[in-house]
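Peer 1: Give me coordinates for this.
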Amino acid sequence: RPPPGDGYLPYEVSDDWPPSRDNGSNDTTKSPDINAKVEATVKDNVLASSMVGNGIITFDNKGLSEIPLEPLKDANSSIRNQLRTLKVNGNKLRSIPDEWTSWLPRLTTLEVSKNQLNNLPQDISQWHLSTFLLNNNKLTSTVVSSVNLCCTLTHLDLSANKLDSIPALGKLPNLHTLNLSNNMISSVSSKDGRRWEQGVPTLANLDLSN
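Peer 2: I've put the predicted structure just below:
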């Protein structure tokens, strides 16, 4: 090792200098287990960094086709137990993953506007949502009518989708605001002729404008 002096800076050299060579056995590639742990840590950090307030996570306008929520599958996750509002507006989601309903048990507000949604989970009713924003997607009346919405909803926004009739919403006894504007709805009757308004007795604001 070079001695300290002109042109050199003093430094520490470990006792195993120079590094040993074992004929190519010195493989620095991480094992699958280590790679998995690194990936999980990265996802945890991404999720934590997306928290913008108490119980609020936002991934707005990221251009994502998938949202990295895998750490929330852990029932002991502190973020999972705190999360009340999830904002994923302005991305490229085609569907809301079914597993979100179990990963986000305490969610009350879900904003998924300005995506490419053409499908919805069948078990949305497992949530206790009060606000559900689905505007500016590709949802049809048939898709919306086929799911069980949360009976706790007070605000539902389905504007700027591909609705050609008022969907059968089921019983939403707490719904106060329903936005169906900028669709292709030409009649206030549902496609199957059922009186959809009977399921929304507290509805005060209905927007059908174009």
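Peer 1: Could you pull up the residues touching residue 182?
Peer 2: Residue 182 is in contact with 159, 160, 209, 210, counting by CB atoms under 8 Å, 6 or more residues apart in numbering. In this view, the C-beta of every residue, glycine as well, is placed from N, C-alpha and C.
Peer 1: Greatest separation within those residues: which pair is it?
Peer 2: Spatially, the most separated pair among the contacts of residue 182 is 160 and 209, at 11.3 Å (CB to CB).
Peer 1: Show me which of these two is the more surrounded one.
Peer 2: The residue with more neighbours, out of residue 160 and residue 209, is residue 160; 19 against 10, by other CB atoms under 10 Å.
Peer 1: can you pull the contacts of the closest residue to residue 64 other than its chain neighbours?
Peer 2: Closest residue in space to residue 64, ignoring its immediate chain neighbours: residue 91 at 4.5 Å, by CB to CB, 6 or more residues apart in numbering. By CB under 8 Å, 6+ apart, residue 91 lies in contact with 59, 60, 61, 62, 63, 64, 65, 67, 114, 115.
Peer 1: Now for residue 160 and residue 209: what residues contact both?
Peer 2: In contact with both residue 160 and residue 209: 181, 182, using CB under 8 Å, 6+ apart.
Peer 1: which stretches of this protein aren't confidently modelled?
Peer 2: For the chain, applying pLDDT under 70 flags the ranges 1-49, 52-53, 190-194.
Peer 1: for it, what spans make up the helices?
Peer 2: 32-49, 78-82, 100-103, 141-145 (DSSP state H).
Peer 1: Which of the contacts of residue 91 ranks first by neighbour count?
Peer 2: residue 115 (22 neighbours).
Peer 1: pretty sure that one is touching residue 96, no?
Peer 2: No - in this structure residue 115 lies outside contact range of residue 96 using CB atoms under 8 Å: 9.1 Å.
Peer 1: in the chain, which spans are strands?
Peer 2: 51-53, 56-58, 85-87, 109-111, 131-133, 155-157, 177-179, 205-207 (DSSP state E).
Peer 1: In CSV: those, plus distance to residue 124 and mean neighbour count.
Peer 2: Shown next, in CSV, are the strands of the chain (distance: least, CB to CB, whole Å; neighbours: other CB atoms under 10 Å):
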stretch, distance to residue 124, mean neighbour count
strand 51-53, 24, 11
strand 56-58, 19, 18
strand 85-87, 13, 19
strand 109-111, 9, 19
strand 131-133, 8, 20
strand 155-157, 11, 21
strand 177-179, 16, 20
strand 205-207, 21, 13
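Peer 1: list the contacts for residue 134?
Peer 2: Contacts of residue 134 by CB under 8 Å, 6+ apart are 112, 113, 117, 120, 156, 157, 158, 161.
Peer 1: Residue 61 now?
Peer 2: 89, 90, 91.
Peer 1: Any chance of CSV for the contacts of residue 182, columns distance to residue 82?
Peer 2: Below are the contacts of residue 182 laid out as CSV (distance: CB to CB, whole Å):
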residue, distance to residue 82
159, 30
160, 31
209, 38
210, 40
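Peer 1: now, which of these sits nearest residue 75?
Peer 2: For these, the nearest to residue 75 is residue 159 (35.4 Å; CB to CB).
Peer 1: residues near the closest one, how many?
Peer 2: Other residues lying near residue 159 total 22 when counted by other CB under 10 Å.
Peer 1: Fine, thanks again, bye for now.
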